[in-house]
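Novice: Sequence and predicted structure are below.
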Amino acid sequence: QVQLVESGGGLVQPGGSLRLSCAASGSIFSIYAMGWYRQAPGKQRELVATITGGGSTNYTDSVKGRFTISRDNAKNTVYLQMNSLKPEDTAVYYCNTDGLTGSLYSLKAFDAWGQGTLVTVSS
């Protein structure tokens, strides 16, 4: 079983910065893509950014130039550096990852979600 633990959310003023972290633990054989999603009140969950094992990144248009996703493969951790935050960035942010769990002779695909961390941008 794979668990994701997020940290780094909080209250920040418009124009401020926050850095989210998400660490994966458990019986991990390999991790493929890692990503961040968010869900604002009354809205559907949306993709924010993803990063592949090779480091290729993808961002939703509204965060391009302001957010940066990165990962530390040795630590099975993904980060989201958020700069120039706006009130419309207020949401619960979730990390997601997929890959293989188990041992070499007993591998199983997984797709895991974190519990979410609240980011509030307000003056």
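Specialist: Structure's in. What do you need? Predicted model only: the values in this text are computed from it and were never measured.
Novice: and residue 22, how many neighbours does it have?
Specialist: Residues near residue 22, counting by other Cβ atoms under 10 Å, number 27. Yep, even glycine has a C-beta here, placed from its N, CA and C like the rest.
Novice: just residue 66 next, same as before
Specialist: Residue 66 has 15 nearby residues by other Cβ under 10 Å.
Novice: can you pull the contacts of it?
Specialist: Contact partners of residue 66, counting by Cβ atoms under 8 Å, 6 or more residues apart in numbering, are 82-85.
Novice: could you measure it against residue 17, distance?
Specialist: Residue 66 sits 9 Å away from residue 17, taking Cβ to Cβ, to the nearest Å as the criterion.
Novice: who touches both of these two?
Specialist: Common neighbours of residue 66 and residue 17 (Cβ under 8 Å, 6+ apart) are 82-85.
Novice: Residue 102: neighbouring residues, count only.
Specialist: Neighbours of residue 102 using other Cβ under 10 Å come to 14.
Novice: looking at this, it is in a helix?
Specialist: No. If the criterion is DSSP: H, G, I helix; E, B strand; the rest coil, then residue 102 is strand and not within a helix.
Novice: and the residue located most distally from the centre of the chain, how far is that from residue 29?
Specialist: Distance from the C-alpha centroid of the chain peaks at residue 105, with 29.6 Å (Cα atoms, centre = their mean). Residue 105 sits 11 Å away from residue 29, going by Cβ to Cβ.
Novice: Thanks a lot, catch you later.
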